[in-house]
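Enquirer: Sequence plus predicted model, see below.
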Amino acid sequence: MMRRMKTRRPVAGHVRWQVIIVAAGIALLATLLLYVALTLTTNLVPAQGGTYIEGMVGQPRAINPLLCQFNDVDRDLCSLVFNGLMRLDSHGLPQPDLAARPAELSDDGLTYTVTLRSDVRWHDGQPFTADDVLFTINLLKDPDFPGLGDLAELWRTIEISRVNTYKLAFKLQEPFAPFQDYLTLGILPAHALRDVPPADLPSDDFNLRPIGTGPFKVEDVGTAGGQVDHILLAANPYYFGRQPYLAKIEFKFFADDLAVFNAYRAGQVQGIAQVPYTELPRLRQYSHLSIFSAPVASYAVIFFNLTSPDVPFFEEKEVRQALFYALDRQQLVDRTLGGNGIVVRSPMLPDTWASDSTLPFVRPDPDKARALLDAAGWKLGQTSSDAKPTGPGEIIGGAGVPLVIPPGVRSKEGRLLSFTLLTSIDSTHSSLAKAIAEQWLAVGVTVTVQSAPMLVTNYLAPRSFEAVLIDVSMAGDPDPYPFWHETQASGGQNYGGYKNRDMSEILEQARRTSDLNARRQLYQRFQQMFADEVPAILLHQPIYTFAVDDRVGGVQIGPLEYPSDRFRTVADWYIVTRRVIVSGR
């Protein structure tokens, strides 16, 4: 019997195919990896979480939108905790906030109807309704309201009615184009403050433990030595807008700027709320600190008291014009403010829709100033033979006794061209006032600089000044009526007492029309008249500066109505990041 022999396949061929398959797989994987490397990448993107810590000088007194106007710390906190029916955008125009859409204006221009958002809740979860708006406005109208008198006076002239849970009507006594600006006022919760008498509002615990509708809520208030040393805000889970990336914001309060800078050096804060221009060189030494600057909706101005018998020469237009031409305003900004200011052309700030861009820029001209004063009879080194003083600006000399005026000083009919320039006690305004006095002295005008606190209350309101250097806020609607209309010369904000019927009529018409183009044309006429009359001297628009560490991303800044508007983009700020795969194409 023959045994059948088994045959075997060649091993080499089988192994060769395995190698080919493995090699092909490796090549394919390499190709895929190369494709991924070429077409996809990873990026760091903002993520939820993290605490931003900011240091600021001052103390919180009232985190309450009806009481925060005179304290920047309070205003900063209120901007994060509360909302108004409207808010101001970067151009100062009102936009819906708690309102669902822009207010509807009746044909007669007297009634504004506001529809509220129905998705808003207070920090404690209670629903926001028209009743809260009614409560807030009625607080303002109450005779015992302890806040801004001008604000309360305006609201007392407006009739407000509840249409339904989410709709209100505001009826005015006469057309008032800037009215929607007043709807930016923060709204208070009726359910939390209903039992608090208006007179007791400033002392109520609510002012440090407020309940708002804003993107952040107060979580903790820390004290040390009887002072509030920090306030911690947490993101509001009920917020109706886009949730911010930051989980928390902490504010730490210090006695002065140096203490804030030292806190940054020690790693205790990541941001500095306000940086004086004098400290900018110091802060630029920190490579990880970003500095942000933007103009604020205000301007520095010199008011002349046109009603004071002690300085009657301010009534002469030629004198006012001469004082204006004598000033090199850009030099003042550069030398006393380190360049941190924008010289202004008119009472309408350049970022507003009302600004007249065709208005020529007036350059300093001391020779023209001297010529104007000479033509008006104010001569240098004039001698008076019978000078009888009756006021602080007059020459002192006995009857029949010649009095020789120094060659560099101007006088007319026995009166020196001399006055006191009042300003606030801070070093910035004091330095600026002294530099102004030096420039005026060069054309023969003698000025004494005096610094004092509480200028508005103690000096401007009672009109007890000769000339004053002060900053004036022009936030929101650019309506200049309060400062230049003749009816405001007594008891209003027309502190200089300037009266011009033609100018007043223009301002009246601009307030009565809601047509933006018509208002713009009226305000152009007003600006041209202002430039000719020089009822006051406009200097510059201030620059606000704050600083934030590079660890905080997404920070941006544009034109500001108030310094608190630096938080306008706070929803974009972030500290925590995560990696995501994105296409490289």
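Expert: Right, received. Where do you want to start?
Enquirer: Every contact and neighbour count from this point should use C-alpha atoms.
Expert: Will do.
Enquirer: give me the element Leu522 is part of.
Expert: Take DSSP states H and E as the rule and Leu522 turns out to sit in helix 516-533.
Enquirer: Could you list the buried residues of that helix?
Expert: Arg519, Arg520, Leu522, Tyr523, Gln524, Phe526, Gln527, Phe530, Ala531 (16 or more other Cα atoms under 10 Å).
Enquirer: Parallel or antiparallel, which strands does whichever helix or strand comes after it pair with?
Expert: Per DSSP H and E, the first helix or strand lying C-terminal to helix 516-533 is strand 536-538. Strand 536-538 pairs in its sheet with strand 298-304 (antiparallel), by DSSP bridges.
Enquirer: so how far is the partner strand off the chain centroid?
Expert: 16 Å (Cα atoms, centre = their mean, to the nearest Å).
Enquirer: worst-scoring helix or strand of the chain, pLDDT-wise?
Expert: strand 383-384 (a mean of 48; mean pLDDT, DSSP states H and E).
Enquirer: which helices and strands sit right next to the host helix or strand of Leu421?
Expert: Leu421 belongs to strand 418-423 when assigned by DSSP H and E. The elements that strand 418-423 packs onto, with contact taken as 3 or more Cα pairs under 8 Å, 6 or more residues apart in numbering; DSSP states H and E, are helix 427-441, strand 446-451, strand 467-473.
Enquirer: and with 7 Å instead?
Expert: strand 446-451, strand 467-473 (3 or more Cα pairs under 7 Å, 6 or more residues apart in numbering; DSSP states H and E).
Enquirer: how about the helix holding Leu522 as CSV, C-alpha atoms only?
Expert: Presented in CSV, the C-alpha positions along helix 516-533 are these (Å, rounded to 0.1, in the frame of the first residue of the first chain):
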residue,chain,number,x,y,z
LEU,A,516,-33.2,113.2,14.3
ASN,A,517,-32.3,115.1,11.1
ALA,A,518,-34.3,118.2,12.2
ARG,A,519,-32.6,118.2,15.6
ARG,A,520,-29.2,117.8,14.0
GLN,A,521,-29.8,120.9,11.9
LEU,A,522,-31.0,122.9,14.9
TYR,A,523,-28.0,121.9,16.9
GLN,A,524,-25.7,122.9,14.1
ARG,A,525,-27.1,126.4,14.3
PHE,A,526,-26.6,126.3,18.1
GLN,A,527,-23.0,125.3,17.7
GLN,A,528,-22.2,128.0,15.3
MET,A,529,-23.8,130.6,17.6
PHE,A,530,-21.9,129.2,20.6
ALA,A,531,-18.6,129.5,18.7
ASP,A,532,-19.3,133.2,18.0
GLU,A,533,-20.7,134.1,21.4
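Enquirer: And the contacts of that helix?
Expert: Residues outside helix 516-533 that contact it (Cα atoms under 7 Å, 6 or more residues apart in numbering): Lys317, Ser346, Ala354, Asp356, Met503, Ile506, Ala510, Thr513.
Enquirer: Report the contact partners of the last one.
Expert: Yep, that's Thr513 we're talking about. Contacts of Thr513 by Cα under 7 Å, 6+ apart are Ala177, Arg519.
Enquirer: And for the fourth one?
Expert: Each residue near Asp356 by Cα under 7 Å, 6+ apart is listed here: Gln524.
Enquirer: ok so it is a helix residue?
Expert: No - with DSSP: H, G, I helix; E, B strand; the rest coil as the criterion, Asp356 is coil rather than part of a helix.
Enquirer: From Arg578, how far out is it?
Expert: 48 Å (Cα to Cα, to the nearest Å).
Enquirer: which SSE is Pro295 in?
Expert: Here Pro295 is assigned to strand 289-295, by DSSP H and E.
Enquirer: residues making contact with that strand?
Expert: Here strand 289-295 has contacts from 541-550, 557-560, using Cα under 7 Å, 6+ apart.
Enquirer: Determine which two of the residues you listed are furthest apart.
Expert: Gln541 and Asp550 (28.2 Å; Cα to Cα).
Enquirer: which one of those two has more residues nearby?
Expert: Taking neighbours as other Cα atoms under 10 Å, Gln541 and Asp550 compare with Gln541 leading, 24 against 16.
Enquirer: nearest spatial neighbour of that one, skipping sequence neighbours?
Expert: The shortest distance from Gln541 to any residue other than its chain neighbours is 4.4 Å, reached at Tyr299 (Cα to Cα, 6 or more residues apart in numbering).
Enquirer: Count the residues that sit near the one you found.
Expert: Residues near Tyr299, counting by other Cα under 10 Å: 25.
Enquirer: Just the pLDDT for it.
Expert: Tyr299 carries a pLDDT value of 96.
Enquirer: With the one 5 residues further on instead?
Expert: What the model reports for Phe304 is a pLDDT of 98.
Enquirer: now swap in the one 3 residues further on and tell me
Expert: We have a pLDDT of 95 for Thr307.
Enquirer: Repeat that for the one 3 residues further on.
Expert: Per-residue pLDDT puts Asp310 at 96.
Enquirer: OK, contacts around Gly491?
Expert: Counted by Cα under 7 Å, 6+ apart, Gly491 has contacts Ala461.
Enquirer: show me where the stretch 201-350 of the chain has helices.
Expert: Ranges of helices in the stretch 201-350 of the chain, per DSSP state H, counting those that start in this stretch, are 257-265, 280-283, 317-325, 329-336.
Enquirer: nearest to Ser79, of the ones you listed?
Expert: helix 257-265 (21.6 Å).
Enquirer: And the buried residues of helix 516-533, which two are furthest apart?
Expert: Arg519 and Ala531, at 18.3 Å, using Cα to Cα across these.
Enquirer: For burial, what's the neighbour tally of the residue lying closest to Thr446 once chain neighbours are set aside?
Expert: Once flanking residues are discounted, Thr446 sits nearest to Ser418: 4.6 Å by Cα to Cα, 6+ apart. Applying other Cα under 10 Å, we find 23 residues neighbouring Ser418.
Enquirer: Over to Tyr286?
Expert: Tyr286 has 12 nearby residues by other Cα under 10 Å.
Enquirer: From Asp256, how far out is it?
Expert: 19 Å.
Enquirer: go on, Asp150?
Expert: 32 Å.
Enquirer: And for Asn138?
Expert: 38 Å.
Enquirer: Looking at the two, which is more packed in?
Expert: A count of neighbours by other Cα under 10 Å puts Asn138 above the other of Asn138 and Asp256, at 17 against 11.
Enquirer: which secondary structure element contains that one?
Expert: Going by DSSP H and E, Asn138 is in helix 130-141.
Enquirer: name the helices or strands packed onto that helix?
Expert: helix 149-155.
Enquirer: Give me the average confidence score over the helix or strand following the helix it packs on.
Expert: Sequence-wise, the next helix or strand downstream of helix 149-155 (DSSP H and E) is strand 159-164. What strand 159-164 shows for mean pLDDT is 96.
Enquirer: ok now strand 159-164, how far from the chain's centre?
Expert: Using Cα atoms, centre = their mean, the offset of strand 159-164 from its chain centre is 31 Å.
Enquirer: and if you look at stretch 457-464?
Expert: That offset, for stretch 457-464, works out to 24 Å (Cα atoms, centre = their mean).
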